[in-house]
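Asker: Build the 3D model from these lines:
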Amino acid sequence: VQLQASGGGLVQAGGSLRLSCAASGRTSSMFSMGWFRQAPAKEREFVASINWSGGNTYYGNSMKGRFTISRDDAKTTVYLQMNSLKPEDTAIYYCAARASFSSSYEYWGQGTLVTVSS
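Answerer: As a prediction, the model looks like this:
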């Protein structure tokens, strides 16, 4: 599975961005896809995930109510709509995929930088 993230950029606090993650390869074998982020000098943080078949979604605590993860009907692209952005949301955002509920995220995209100015 190959993942290509895009959509990052510079936005003012309170603004919005939508990230995309295009998946190719054996996507039908995937259980879920997710977004993670890593800010400078900080550990990687879970942002959101969506199950490929049922569409169940999960969010990190600081993202609830502001971020929305979704996928297209063809199940080849996952989106992360980010609203009410804060400077602390500044990070490199990575999309990832895993094959089962019990497995770790084994496929990763290259990351896209989101910078939120105050």
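
Asker: Summarise which helices and strands the stretch of helix or strand Arg37 belongs to is packed against.
Answerer: Per DSSP states H and E: Arg37 is located in strand 32-38. Under the contact criterion of 3 or more CB pairs under 8 Å, 6 or more residues apart in numbering; DSSP states H and E, strand 32-38 touches strand 17-24, strand 45-51, strand 67-71, strand 77-82, strand 91-98. For every residue, glycine as well, the C-beta is placed using N, CA and C.

Asker: Redo those strands as TSV? Include mean pLDDT and mean neighbour count.
Answerer: Below are those laid out as TSV (pLDDT from 0 to 100; neighbours: other CB atoms under 10 Å):
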stretch	mean pLDDT	mean neighbour count
strand 17-24	96	19
strand 45-51	96	20
strand 67-71	96	19
strand 77-82	96	22
strand 91-98	96	23
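
Asker: Grab the most central residue of this structure for me.
Answerer: Trp35 (2.5 Å; CA atoms, centre = their mean).

Asker: ok, that one - contacts?
Answerer: Counting by CB atoms under 8 Å, 6 or more residues apart in numbering, Trp35 touches Leu19, Cys21, Val47, Ala48, Ser49, Ile69, Val78, Leu80, Tyr93, Tyr94, Cys95, Ala96.

Asker: run the last query once more with 6 Å
Answerer: Residues in contact with Trp35 (CB atoms under 6 Å, 6 or more residues apart in numbering) are Val47, Ala48, Leu80, Tyr93, Cys95.

Asker: next one: Thr57
Answerer: Ile50, Ile69.

Asker: tell me the phi and psi of it?
Answerer: phi -120, psi 150 (degrees, to the nearest 10).
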